[in-house]
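Colleague: My questions concern the predicted model and sequence given below.
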Amino acid sequence: MSRAAVTRRRASLPYLLLLPAVLLELLVHLVPMLIGIVMSFKELTQFYIRDWGAAPWRGLENYRVSVDLDAPVGRDLLNSFFVTCAFSVLAVALCWLIGTTAAIFMQDAFRGRGLLRAVFLTPYALPVYAAVITWAFMFQRDNGMVNHVLHDQLGLVDEPPFWLLGGNSFPALVVVAVWKTWPFAFLMIMAALQNIPGELYEAASIDGAGVWQRIRKITMPSLRPINQVLVLVLFLWTFNDFNTPYLLFGEAAPERANLISVHIYQSSFVTWNFGAGSAMSVLLLLFLLVVTAVYLLATSRGRKSRA
Amino acid sequence: MNGLRAATAITLLTALTATGCGGGGQAGGAEAPKTLTYWASNQGPSIEADKEILAPELKKFEQQTGIKVELEVVPWSDLLNRILAATTSGQGPDVLNIGNTWSASLQATGALMPWDAAAFGKIGGRDRFVESALGSTGAAGSDPAAVPLYSMAYALYYHKKAFADAGIERPPATWDELVAAGKKLSTGGKWGLGAEGSNLSNNIHQVFVLAKQHGADFFDATGKADFTSDGAVAAVKQYVDLMATDKIIAPGNAEYDKNQSLQDFAKGDTAMILWQTAAATLESHGMSPDNFGVAPVPVASGTPGTGRNVNSMVAGINLAVFKNTDNLDGALKFVNFMTGDEEQKILNKTYGSIPPVKAAQQDEAFGTPALSVLRETLATSAAALPQVPAESQFETAVGTAVKELFADAASGRAITTELVRERLTKAQQQMP
């Protein structure tokens, strides 16, 4: 065997080893996505789901209906979109704030720190279904714990309010989502804090910097790269969250808490119009791609200019 | 060289397992005819209870035919989605239970085997079944998509003691009487009537019957949605008004969707409920059958009958054969077994439902005071929900509208005719 041939073999080996992963990636990720996009151009209703091939092409009709703001479908989608945006911004901000605060408090060693850390991580470790169903029970109007405390014990409200119906469903949803996700922010920030050299803090306190100044001038800038990824990931997760609203509200979520993932589920599975549901999903995908791209561009440019 | 071979092997293996995953879900081809997969719906107090109830019957079937039935009891929250997934992939059970109101919707997908005369011949003929139950097996004029398995009907369940304490001598027969009784009973933290405001299907069942009593239908003769007729609006308003103006339903019931109203009734917090075939569930909540009475659901005036005096939907479970089955012969044998007189008596007795098979229905076990009300209702004054392909969408759209109206009523908002019409208009716009 010539030396060149051996080198060529050597060079091709890594690609060959990658092949299974690439094939699987295609199979479980890319192919379903492409099928979803194809579906969005078809009239895939209950009459055709048994034989997709027979479903007639609709061109851009599904998209037209989804963004037609004069019709109820488009208006509902837009409403759901705004609710989701408000929900995501609020939930991500709270998750980040609580996570960072807790991580900073946990930075210095004290008795019981390990235990407290473990307790903080519990919501993240619990199975989503069990956790959210428990919240649903706690939010019940007549027998729930939330109203028991607010109304029966503290007497803060005259009438026990509904949490799973009407306007209050939005704060209820935010509370559960934040409760479920903030430990992840906590975990990431905590890890990042370990990488900040202690000398920096020592030098700062010798220079007379107070707690706030140390946090502002040392901690926050050092966390920047982590924050960049953390906020993006939190946003994508929250925006796409399906389990929380579905388990809290069931198939028909109240208008004020009608997150887009549930809305799309309802448009496809409950009304059996998978074409329209796919078109909405593709629109959502496009939106998230744009947000991600703009976000990454903006944050990395900011970093470059500062460097 | 060795590395290369290993890598190739890994690639191949992965490819093999990957395709293996895609093909799963059905008993292998050649030896298949000795097994059947059966998806049962949750009829008893729990999934486990259903398994225990059905296991000995399936054993019996295996002894008679040598066919082993693999049972899966699917919860109601998953059943329709599981059927849709099975329809899409073509990989599903051989025989399955469906809610009888889904018959026309699922019939339109073509996933279920049509029951033509030949198929009926294999299970003793169409005539064995009660006509009203056959009315809820698919669109009129086409072969049924399924055969009736268990029949149920709505009735008024009431607390005998609460009635006696309030001096009410007999169960209300008209809505005026029901409201009057409800007002007497709604005192001291107790309420006259229970409702399940966030349960979309239950909302539909109630307003469907009320619409009939107002001379209206939610679909016109051509199968087009017609949710905003005066009768339909009046029906929905009448139902929500039981909470909003009559105040005989507790506001908290607006968020009920997990049969909490049955628990309230069993605990004695509410004095009446309108429910389908509730006796078995009430007993499982610890109620003695002596403590509650069963009466026909009220009508506007007169006695239950046809036309404007309909007082129940034809509720029930149908048994369908999945068209993609690789054991059609076995599947038909199984349907024949389950709809046989003997099994019909055993299963319907256990579940507290009424057999849709004429011969079995005459058994004296179904002549108790509680069950004879249901049997009578099915025979004389029950109507089938619209047998149209869009039935499933109708349940979601109108069910949600009623849920939202209950939420409004619970928070003290006035339920006007305009508001009801507005919500129903929105529901209608969501229909295909």
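Modeller: On my side now, so go ahead. Numbering: from 1, shown residues only, chains lettered A, B, ... in the order given.
Colleague: from here on, contacts and neighbour counts on C-alpha atoms
Modeller: Will do.
Colleague: B:Ser312 - how many residues pack around it?
Modeller: Applying other Cα atoms under 10 Å in any protein chain shown, we find 34 residues neighbouring B:Ser312.
Colleague: Okay, and the beta partners of it?
Modeller: Note on B:Ser312: beta-bridge partners B:Ala382, judged by DSSP bridges.
Colleague: if you skip the residues just before and after it, what's nearest to B:Gln344?
Modeller: B:Pro355 (5.9 Å; Cα to Cα, 6 or more residues apart in numbering or on different chains).
Colleague: per-residue pLDDT, the one you found?
Modeller: For B:Pro355, the pLDDT comes out at 96.
Colleague: burial count for it?
Modeller: B:Pro355: 31 surrounding residues under other Cα under 10 Å.
Colleague: Repeat that for the one 10 residues further on.
Modeller: B:Ala365: 16 surrounding residues under other Cα under 10 Å.
Colleague: gap between it and chain A?
Modeller: Counting by Cα to the nearest Cα, to the nearest Å, the gap from B:Ala365 to chain A is 38 Å.
Colleague: Is that residue in a helix, a strand, or coil?
Modeller: Reduced to three states with DSSP: H, G, I helix; E, B strand; the rest coil, the structure at B:Ala365 is helix.
Colleague: show me the contacts for it.
Modeller: B:Lys349 (Cα atoms under 8 Å, 6 or more residues apart in numbering or on different chains).
Colleague: which helices and strands sit right next to whatever helix or strand A:Leu297 lives in?
Modeller: For A:Leu297, the host element (DSSP states H and E) is helix A:274-306. Applying 3 or more Cα pairs under 8 Å, 6 or more residues apart in numbering or on different chains; DSSP states H and E, one finds that helix A:274-306 contacts helix A:31-39, helix A:61-67, helix A:220-240, helix A:260-265.
Colleague: out of those helices, nearest to A:Phe87?
Modeller: helix A:220-240 (7.9 Å; Cα to Cα).
Colleague: quick check: domain ranges of chain B?
Modeller: B:32-152+B:315-383, B:154-313+B:386-429 (automatic domain parsing).
Colleague: what's the distance between the first one and the middle of its chain?
Modeller: Between the centre of domain B:32-152+B:315-383 and the centre of its host chain there is 12 Å, according to Cα atoms, centre = their mean, to the nearest Å.
Colleague: still on that earlier bit, I'd like the domains of chain B as CSV, with distance to A:Leu200 appended.
Modeller: Listed next are the domains of chain B as CSV, based on distance: least, Cα to Cα, whole Å:
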stretch, distance to A:Leu200
domain B:32-152+B:315-383, 56
domain B:154-313+B:386-429, 55
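Colleague: Chain A contacts on the stretch 301-432 of chain B?
Modeller: Residues of the stretch 301-432 of chain B lying close to chain A (Cα under 8 Å from any Cα of the partner chain) are B:392-393, B:396, B:400, B:404, B:407-408, B:426, B:429-430.
Colleague: which of these lies closest to B:Asp329?
Modeller: Nearest to B:Asp329 out of those is B:Ser392 (Cα to Cα; 30.3 Å).
Colleague: residue ranges of the helices in the stretch 51-200 of chain A, please?
Modeller: With helices called from DSSP state H, counting those that start in this stretch, the stretch 51-200 of chain A shows them at A:61-67, A:72-105, A:113-125, A:128-138, A:145-147, A:169-193, A:198-206.
Colleague: With respect to A:Val291, which of those helices lies nearest?
Modeller: helix A:72-105 (11.5 Å).
Colleague: Distance of B:Ser151 relative to B:Val236?
Modeller: According to Cα to Cα, to the nearest Å, B:Ser151 stands 25 Å off from B:Val236.
Colleague: re earlier: B:Ala315 versus the residue nearest to B:Gln344, what's the distance?
Modeller: 12 Å.
Colleague: Likewise for A:Arg10?
Modeller: Applying Cα to Cα to A:Arg10 and B:Ala315 gives a distance of 70 Å.
Colleague: Quick check: B:Gly90 touching B:Asn324?
Modeller: Yes. Contact criterion Cα atoms under 8 Å: B:Gly90 and B:Asn324 qualify, at 6.3 Å.
Colleague: Now do the SS call for B:Glu169.
Modeller: coil.
Colleague: Give me the pLDDT for it.
Modeller: Predicted confidence (pLDDT) for B:Glu169: 93.
Colleague: which ones are touching it?
Modeller: B:Phe163.
Colleague: what's the burial count for B:Lys80?
Modeller: To be clear, residue B:80 is Leu; Lys isn't right here. As a burial measure, B:Leu80 scores 19 neighbours (other Cα under 10 Å).
Colleague: Same check on A:Phe242?
Modeller: 17.
Colleague: Let me see the contact set for it.
Modeller: A:259, A:261-262.
Colleague: if you set the cut-off to 6 Å instead, what comes out?
Modeller: When contacts are counted by Cα atoms under 6 Å, 6 or more residues apart in numbering or on different chains, A:Phe242 is found next to A:Ser261.
Colleague: Model confidence score at it, please.
Modeller: Reading off the model, A:Phe242 has pLDDT 93.
Colleague: Of all the domains of chain B, which one is nearest A:Ile226?
Modeller: Of all the domains of chain B, domain B:32-152+B:315-383 sits nearest to A:Ile226, with 39.9 Å by Cα to Cα.
Colleague: This completes my enquiry, with thanks.
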